[in-house]
Each structure stands twice: as structure tokens, then as C-alpha cells.
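In: Build the 3D model from these lines:
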Amino acid sequence: MRFLAITLIAHRPDPVTGELKSTRARFREVLDNAVLAEELGFDGFGVGERHERPFISSSPPVVLSHIAALTRRIRLFTAVTTLSLLDPVRAHEDYATLDHLSGGRLELIIGKGNGAAQRDLFHVTPEDQWDRNAESYEVFRRLWREDRVTARTRFRPELTDAEVWPRPYQQPVRVWHGSATSRESVDLAARYGDPLFSANVTHPVEPYAELIDHYRERWAHYGHDPADLGGVVWILSGSRGLARASAALSSVARAPPCRPPPPCSCTHQTPLGWATRHCCLEPTRSKRHPLGRVSSRDQSAGLTLAMEADPVDRFA
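Out: So this is what the prediction gives:
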């Protein structure tokens, strides 16, 4: 079993006090949490990629490079990097460099991303985003494995016997495919024999279990063995911890522009939950849990740094 901490680096005023920390201070919190995650024994720390308010996670390789300099063991994840928006050549250059700087600790979670604002910014349409994601990944994958690449492409200039430097440290790097709702991403993962990263962050658990069942079907269709998948939960310090988190997150739920689903007990297997450590650990111990054996934890805006650190400590 592996445990991963994730952040999208939301940067917005405290929904209760109205205080807005500086951008530098918010990045400092992320760095401190990454160091804490390593100290507590977490296996990985992930930084998402978003290109719209209130997030400041537009450059995961830069943030992860700083984290690499502050840590020694913890794996470094993108969660996710939006290949549908990126030139695969530049993505390779950035992440191959990070792979060396981190001593081979990089793991990628890729996806098409979401949100109308980023589609407008990069002139990506709902109709072509899947094709862009698939093409970018195919080119990226080949660049990582092959010294010279020739590729006919629709969404960037074609490559002819192209060399891209630096050559990566890991051969190959592990790539996960992030999917919350899309069967297209699931099929892409199964086609290449890659693992799938999914979690019940927007719906109850049942649709995600169906998505994972589809992944297993496509995995078998392409001739691969079954793989294990992941889930999300909060762990808090007893009934008082639940009350403190409820007050903080309920304020977040009422604050635009991002409104997460109503928080509730983890026993209902709902999108945004919290639990005591005993409630949380029981499903992770079960080999029959529908989301598999990788558990992830997402930082939530509205909680203080101390409140964020406490559940990480208890879970570890």
C-alpha cells in the first residue's frame, strides 16, 4: 500500500476571516507540507496543474523541483499534468530535467484537465481535447524511450529524427492516467499498460467503481494483468476534530468560486469526507475495497496549516 499527499495549491481568502496570504507565503506552505509528508513517511507528494483562479499551480515542474531540493526520499508526482494543453517536447524537457534533479523520484499522473478557462487560454475545444491528450502522450512516451523520434502530428509541428535533451534519468518513468469521469482516459491507460489514478472526489464511490471495472475490462482486452487503484479520505482527531473540520469546510463550501460537495462522514463513501483514524484505516485494510489499495489525501482550502498537518500525522 502506498500513500500520497496532493495539492492543487488553491490561493484564495480565508472564507471566515477574509485574510489573503501572499502568493509567496502560499507556496511556502506547500513546501512545508511536502517536507512534513516525507518526515511522516508518506510515499509521495503530488502537485496538480490548473490554469485558472483560484489556483496557482500552473507550473508543477518548478514547484516539484524546489521540493526535490528540500527532500531526499519522497516520490514526486504531478496530479495531474495536463498534456492536452502542453507541447510534448517541452513537457519532456521539463520533466526529464526534474527527473535528474530529483535523482529519479518523479512519477507522472497525466490527464486532459478540466475547466473552460484553461481551454479558452490554450484554444483547446471539448471536441479535440481527447485527441490532443492522446497525441501528446504518444509523442511524450516515445521521446522518453527513444533517442530519435519521427512522428506525424496534428497539434504541433511534425518531428523528423528529433533528439530531445536531456535524456531522462529513469527508463522509463512511471506514468499514471488520471480519470474522474472519462472512459477515454481509462482506455488510454489500458492501451499502454499504464496504471490508472482515480478517486471519488466529485461523486459517490459507485460511479468510480464502475469506471475502474471498465478499466479492468479494457486492461484485459489489451492483454494486460489487472491493476490496483486509489481513493481519498480525511483523517481527523476524534469528534472534536470532526467538529473543527466541519466548521472550517462548511465555510469553504459557501464561498465562491469553488464549491466542493457537502462534507460528511466517510462511512457514506462520499466525495468529500473525513473520519477518525480507525474509520479511515478500515477500508484501506480491506483487500476487497472497490478502489483498490492506493490511498491519497487532498489538501483542502479553509483549514489552517496546523489542521492540515494533524490528519497527515495521524494517518502516517
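
In: helix/strand/coil for Ile6?
Out: strand (DSSP: H, G, I helix; E, B strand; the rest coil).

In: Against His224, how distant is the residue lying closest to it once chain neighbours are set aside?
Out: Nearest residue to Ile6, sequence neighbours excluded (CB to CB, 6 or more residues apart in numbering): Gly46, at 4.2 Å. Where you see a C-beta, it was placed from the backbone N, CA and C, and this is true even at glycine. When distance is defined by CB to CB, to the nearest Å, Gly46 is 24 Å away from His224.

In: Following the helix or strand where the residue nearest to Ile6 lies in sequence, what is the next regular element?
Out: Using DSSP states H and E, Gly46 sits in strand 44-47. Later in the chain than strand 44-47, the nearest helix or strand by DSSP H and E is helix 60-70.

In: May I have that following helix exported as PDB, CA atoms only?
Out: Extracted C-alpha coordinates of helix 60-70, given in PDB (Å, rounded to 0.1, in the frame of the first residue of the first chain):
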ATOM      1  CA  PRO A  60       4.200  21.800 -11.400                       C
ATOM      2  CA  PRO A  61       7.800  21.000 -12.600                       C
ATOM      3  CA  VAL A  62       9.100  24.200 -11.000                       C
ATOM      4  CA  VAL A  63       7.300  23.600  -7.700                       C
ATOM      5  CA  LEU A  64       8.400  19.900  -7.700                       C
ATOM      6  CA  SER A  65      12.000  20.900  -8.400                       C
ATOM      7  CA  HIS A  66      12.000  23.100  -5.300                       C
ATOM      8  CA  ILE A  67      10.500  20.200  -3.300                       C
ATOM      9  CA  ALA A  68      13.200  17.900  -4.700                       C
ATOM     10  CA  ALA A  69      15.900  20.100  -3.300                       C
ATOM     11  CA  LEU A  70      14.300  20.000   0.200                       C
END
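
In: Packing partners of it?
Out: On a contact count with 3 or more CB pairs under 8 Å, 6 or more residues apart in numbering; DSSP states H and E, helix 60-70 meets helix 23-39, strand 44-47, strand 75-78, helix 88-101.

In: Check which residues of the last one are buried.
Out: What it means is helix 88-101. For helix 88-101, the neighbour count (16 or more other CB atoms under 10 Å) marks Pro88, Val89, Ala91, His92, Glu93, Asp94, Tyr95, Ala96, Thr97, Leu98, Asp99, Leu101 as buried.

In: Surely Pro61 touches Ala96?
Out: No - Pro61 lies out of contact with Ala96 (CB atoms under 8 Å); the separation is 9.9 Å.

In: Now do the same contact list for Glu158.
Out: Applying CB atoms under 8 Å, 6 or more residues apart in numbering to Glu158 gives the contacts Ala151, Arg152.

In: Please tell me how far it sits from Ala151.
Out: Counting by CB to CB, the gap from Glu158 to Ala151 is 6 Å.

In: one step back: which one of the buried residues of helix 88-101 is nearest to Phe27?
Out: Set against Phe27, the nearest of these by CB to CB is Leu98 (16.6 Å).
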